[in-house]
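Asks: 3D, please:
(one chain, ligands or ions: 3)
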Amino acid sequence: MTRMISEELRALLKVYFIMGSMNCSRPPSAVLREAIAGGITLFQFREKGPGALTGTARVELARELQQICQRGGVPFIVNDDLELALTLDADGIHVGQDDAPALEIRQRFGSGKIIGVSAHSLAEARRAIADGADYLGVGPVYPTISKDDAQAVRGTAVIEELRAHGIAHPLVGIGGITAANAFPVIQAGADGISVISAMAAAADARAAARELAQVTD
Ligand SMILES: Cc1ncc(COP(=O)(O)OP(=O)(O)O)c(N)n1
Ligand SMILES: Cc1ncsc1CCOP(=O)(O)O
Ligand SMILES: [Mg+2]
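Replies: Ligands and ions are numbered 1, 2, ... in the order given. Just a heads-up that it's a prediction; the model follows:
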């Protein structure tokens, strides 16, 4: 399979939902179905941190959510775990600066898969692109309650800096993004936004997804 062209990927990044069971007070399957009905364009399975499932239960949840994505026509990305991504034949993987390098992931995962890499600076973005990243996750833009070890809040400055230095790669902003504060992220040059709590903790994930989709359209 050939690498996904940037324009196709840019469209997939518009409303990128990231979730694990520990982010939900309702069954994750129900939250994901609602989010898909509301118009999410990409989903990342991120089952980690306090209260996260492990072992077989984690793999079973991943399979269940992958099936929901497949039925809904939304690509399924795995956070961090290349073995899980390979086992499930996921559509892609997202890795950070402390995870396996994109170069190594590309060698094992194949050319048709989506590889996302977190970048907090111009240098990290350049390295990720050189290593074969398809898209960048840039943040935290705003304060977040969903990642204990998040780096310092950067506002939209890093996104602006990357675009000003000619980085045209597909990218999403991440960290504390809601429908109320998403527009500056797009204005700064992001192709889309990625969120956990704005959708996973919403009483109505479908409405939350719709509101976010309106901002990024
Ligand atoms: C789209 C997107 N952007 C950034 C991240 C953060 O990845 P990382 O820095 O590896 O942190 P963890 O999510 O693994 O805790 C992401 N997951 N997705
Ligand atoms: C995974 C991750 N990486 C940087 S911030 C963050 C958490 C985003 O979650 P929320 O949208 O709830 O702030
Ligand atoms: Mg990671």
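Asks: and the closest residue to residue 165 other than its chain neighbours, what is it in contact with?
Replies: Spatial nearest neighbour of residue 165, chain neighbours left out: residue 122 (5.7 Å); criterion: C-beta to C-beta, 6 or more residues apart in numbering. C-beta here means a position set from N, CA and C on the backbone, and glycine is covered the same way. The contact partners of residue 122, taken as C-beta atoms under 8 Å, 6 or more residues apart in numbering, are 158, 161-162, 165, 167.
Asks: same deal with residue 108?
Replies: Residue 108 touches 82, 86, counting by C-beta under 8 Å, 6+ apart.
Asks: So which residues of this protein form strands?
Replies: Under the criterion DSSP state E, the chain contains strands at 15-19, 42-45, 76-79, 92-95, 114-119, 135-138, 171-174, 192-195.
Asks: So which residues make contact with the fourth one?
Replies: Around strand 92-95, the neighbours that count as contacts under C-beta under 8 Å, 6+ apart are 44, 46, 75-82, 85, 101-102, 105, 109, 113-118, 134, 137.
Asks: on that earlier part again, ok, now how distant is the residue nearest to residue 165 from residue 161?
Replies: 6 Å (C-beta to C-beta, to the nearest Å).
Asks: Do I have it right that residue 70 meets residue 76?
Replies: Yes: judged on C-beta atoms under 8 Å, residue 70 makes contact with residue 76 at a distance of 7.2 Å.
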